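Asker: predicted coordinates and the sequence they were generated for:
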Amino acid sequence: MNDIKKRGAKRRLLVFAEFFNNTTGCVNVDLREIKDFSVHPSADDPVNLSVVLKHLYEKHPEIEVEVVDSRNFFFFLYLLKYNIKGGKTAWIMEGKKVFEGIPTIEQLEQILQAH
């Protein structure tokens with residue numbers, strides 16, 4: 001992994017969740033810019049997801065995080081490939097599903113260390 005950091009490449013993490021809106025756009029939004037981490041109330045524990053995402057953005061700038069609404073039709077093949085279920089948050093790190101649901105901060109740190 002040190003070689004990756006030396007070359008400036010970032011690890012990639014996709015987070016699939018249902019966001020709180022009634023339309024689903026085809027553009028991914030950088031939530032750090034708009035400071036809005038709200039998710040659909042019927043999704044996995046939206047409050048904890050917000051806490052985990054904020055921690056991730058603040059403590060791990062070396063990781064490229066792409067948060068995707070799981071209803072975004074441009075990512076339909078990802079839903080099939082990783083067996084992502086509606087209302088369940090899925091974490092895909094470097095092309096592998098590493099968690100389903102909302103990890104605690106400790107679980108997130110363990111996932112990042114392992115991958």
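Answerer: Sure thing, it's come through. Note that this is a predicted model, so its numbers are computed, not measured. Numbering: from 1, shown residues only.

Asker: element containing the closest residue to S70 other than its chain neighbours?
Answerer: Nearest residue to S70 in three dimensions, chain neighbours excluded: F16, at 4.4 Å (CB to CB, 6 or more residues apart in numbering). (Each C-beta comes from the backbone N, C-alpha and C, glycine too.) Using DSSP states H and E, F16 maps to strand 11-17.

Asker: what sits against K85?
Answerer: E100 (CB atoms under 8 Å, 6 or more residues apart in numbering).

Asker: for it, give its distance to D69.
Answerer: 14 Å (CB to CB, to the nearest Å).

Asker: what pairs with the strand holding F16, parallel or antiparallel?
Answerer: Pairing partners of strand 11-17, with direction, according to DSSP bridges: strand 63-69 (parallel), strand 90-93 (antiparallel).

Asker: thinking again about what came up before, quick check, the residue nearest to S70 in contact with N83.
Answerer: No. F16 is not in contact with N83 according to CB atoms under 8 Å; the separation is 11.0 Å.
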